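Visitor: Starting from these lines, generate the structure:
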Amino acid sequence: MKMNGLSKIIGIATAVGIVGAAAVMGSGVASANSASAREAGDLEDTVNVCEYPNGFLEAESTRESSEQRIYGIGSVSKMYATVAVMQLVEEGKVELDGLVMDYIPDFRMADERYKNITVRMLMDHTSGIMGSTHTNGMLYLDNNTASHDELLDNLAKQRLKADPGEYACYCNDGFCLLEIIVEEVTDMSFTDYIEKNIVANTGGTSTGTAENLFGNESLVLPVTEDNKEYEQFYCMEYGGGGMFSTSSDVANFGAAFFKGDNSLLSETSKEMMATRWTTDEFKDDNGLGWDFTELPGYEDAGVKVMGKGGDVIYEHAMLLVAPDEQISVAVISNGGNSALNAMLASELLKEALKEEGIEVNDPEMRNFEMVSDIPEEYLKYEGWYSYRTEASGGVLKVTFPDKKYMHVEEVGINASSSADYILSTEGNFVEAEIDGETEGEIKEIKTASNPKVLAFEDSDNGQTYITVEKVDIYPELGSKTDKDYYAERLMENPVSDEVLSSWERFNGKAIYATGDIYSSYIYDCGIMKLYMREDLPGYVLGVKSIGAALFKIQDAENAVAFNTLPDSSNRDMLDIHIETVGDRITVTSCDGLSFITEEDVAAFDGSIKSIELKSREANWYKISDNMANTTITVERPENSAIYVFNKYDEVVYTSHFVGASNDIPLPKDGKILFVGETGGVINIEY
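Guide: Sure, this is the predicted structure:
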């Protein structure tokens, strides 16, 4: 891909996305756009990338089409919110280290430490706010603003998980607060401000939110990994992840961070944004807004790179900017994830740098010298650990069999997985392959071909952490290097038999989401199962289709998030509360979600002919054996939704599918959900 001129602005959009090790295109056409300079206006050269039988990217030169498709860009939206507030800082209307409560008079939290949260802390994720208040935040074919309007009320009920400024941990709510700061200070809607002060100044033509792009015909419909097409999806948390754009608009926005380009911000502001908040290599890499302000390999080549990724359920984005070399790369997709987008963007960036004579090499795999026996001093680390990732969580058990190696078992509900590690002379544990372990005899221990590297850290707070280093390699696409905090030791949590019994009644049972509006994505993953283990008294594991989290029992009514991992492994924390009113038991979480218990889920046995709907009240049913593997026909009002889940709690039908039939299958041992607005009625025929 040859690009002329000093500036390189590259954008790729895919209609179905990035799957596995290659970019796979579906029903649409993807384009990679480059320009000699943003000020030149129209993009000069275009490469259209189409689907080929081998599933890999191939390209041919064309002229750009007159219309580009518009995608949700997820958390790349945070860069727009950051720039907006930094502009207000430059104008003297906001102080970067000013208190958030000074700009949002109604901002309150159930934790007095909130008074110390500054604007900067929202931008670099160090506020200590629990994470994401997603109630009514992600909607199908709806632009209801309840998420925005109720955010402050929801935050007012929450505590903080850490002291403000203590450590960085990814926090969507912080950027929703930046959105509100923009509105409070300017007396404009966030959308109007972005359109007037950012999009217009970067040559954007198709960037906005559900406020100005709702129903736009160029929006790309969300598509799942198994090629199910949903109704248009809108994230209503604009500052956190609710913006839409084209690949060229995002790449042109990235060009505003080129050295010498002051179309949006001064060099001083851009430099502050591009400065990593800490020097600790295992803590988050972010600056102000940016996910990272440096990249392995590029640093060795003398190239500074900033990047911001974004994921909103089905749609994903990645923006990379090399400000000194004046290269901006944007990759947007639905399907896949932002990590894959990041690797594709990185490969494009490498190719652009090659044309300037700059070679960027992938980080080399480390060589380790191994220790044959585990010293006694490491045996103190045996025991249970709580682990967290950005997508999930659970329990690990660490042992040292015969002091020859470390065995780490990831303990699941129905099954477990494990890995073995050898101690290196550096004091860390390298993932290994063990051959021929019989009756205590081991024929061979060798390092794995692409090993994870774990290490123990005794923190000043008295806690023991496990850190992880890993390189994920995707053939034909690139690699991704991570250094993170991974797990922390589980402390004993003694509680009375009476308290334990109050939670054991939920062991192995499901709770069901309710309380969101009918268009909310929350119902796609609306079933959570609670589990307890006899060998881990005092803890409850909550498992959903999108991940799991471990809670520490406080009393008969409350179980709380307890992790202190000082990075984004600790993101989106929840406390849960049980409340009994009459015969009804509800479970609420600190982010505003509500659940009903199995006792309030009736049988769907053929006797129900109609369902009267009430706003924010989901109607859940278990499919009875006499209805299993049959079909019903429904007549429903426009503002309503129906979901069917199989026995694994996976969505097999929803009225949010494009072209969804009114003839609905009922799988054995499944559930069915009806939700809508007050006054609506769903009629059912058997």
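Visitor: how near is the nearest residue to residue 583 once chain neighbours are set aside to residue 586?
Guide: Once flanking residues are discounted, residue 583 sits nearest to residue 599: 7.9 Å by CB to CB, 6 or more residues apart in numbering. Every C-beta, even on glycine, is put in place using the N, C-alpha and C of the backbone. Between residue 599 and residue 586 the distance, using CB to CB, to the nearest Å, works out to 11 Å.
Visitor: Likewise for residue 577?
Guide: In terms of CB to CB, residue 577 sits 9 Å off from residue 586.
Visitor: Same question for residue 126.
Guide: Counting by CB to CB, the gap from residue 126 to residue 586 is 33 Å.
Visitor: and those two? which has more neighbours close in?
Guide: residue 126 (25 against 17; other CB atoms under 10 Å).
Visitor: Now do the same contact list for the more buried one.
Guide: 120, 164, 165, 166, 167, 168, 169, 277 (CB atoms under 8 Å, 6 or more residues apart in numbering).
Visitor: quick one: buried residues of the longest helix seen in the chain?
Guide: Secondary structure of the chain per DSSP state H: the longest helix is helix 338-355. For helix 338-355, the neighbour count (16 or more other CB atoms under 10 Å) marks 338-353 as buried.
Visitor: now do stretch 215-228
Guide: So stretch 215-228, judged by 16+ other CB under 10 Å, has buried residues 219, 220, 222, 223, 224, 228.
Visitor: what is the fourth one paired to in the beta sheet?
Guide: Put plainly, it is residue 223. For residue 223, the beta-bridge partners are residue 229 (DSSP bridges).
Visitor: Cross-check the contact I'm expecting between it and residue 334.
Guide: Yes - assessed by CB atoms under 8 Å, residue 223 is found in contact with residue 334 at 5.3 Å.
Visitor: and residue 417, how many residues sit next to it?
Guide: That count, for residue 417 with other CB under 10 Å as the rule, works out to 9.
Visitor: meant to ask about residue 196
Guide: For residue 196, using other CB under 10 Å, the count is 12.
Visitor: what about residue 321, is that helix, strand or coil?
Guide: Per DSSP: H, G, I helix; E, B strand; the rest coil, the secondary structure class of residue 321 is strand.
Visitor: swap that for residue 488, sorry
Guide: From three-state DSSP, the assignment for residue 488 is strand.
Visitor: what pairs with it across the strands?
Guide: Beta-bridge partners, per DSSP bridges, of residue 488: residue 386, residue 465.
Visitor: What residues does the one residue sitting closest to the centre of the chain make contact with?
Guide: The residue lying closest to the centre of the chain (CA atoms, centre = their mean) is residue 311, at 5.7 Å. Applying CB under 8 Å, 6+ apart, we find residue 311 in contact with 74, 75, 317, 337, 338.
Visitor: Ramachandran angles for it?
Guide: The phi and psi torsions at residue 311 (degrees, to the nearest 10) take the values phi -140, psi 120.
Visitor: buried stuff in stretch 444-458?
Guide: Under the neighbour-count criterion of 16+ other CB under 10 Å, stretch 444-458 has 445, 447, 451, 452, 453, 454, 455, 456 buried.
Visitor: Pull the residues that contact the strand or helix carrying the last one.
Guide: When elements are assigned from DSSP states H and E, residue 456 belongs to strand 453-458. Contacts made with strand 453-458 from outside it, assessed by CB under 8 Å, 6+ apart, are listed as 366, 378, 381, 406, 408, 421, 427-431, 464-470, 486.
Visitor: Looking at those residues, which are in strands?
Guide: 406, 408, 421, 429-431, 464-470, 486 (DSSP state E).
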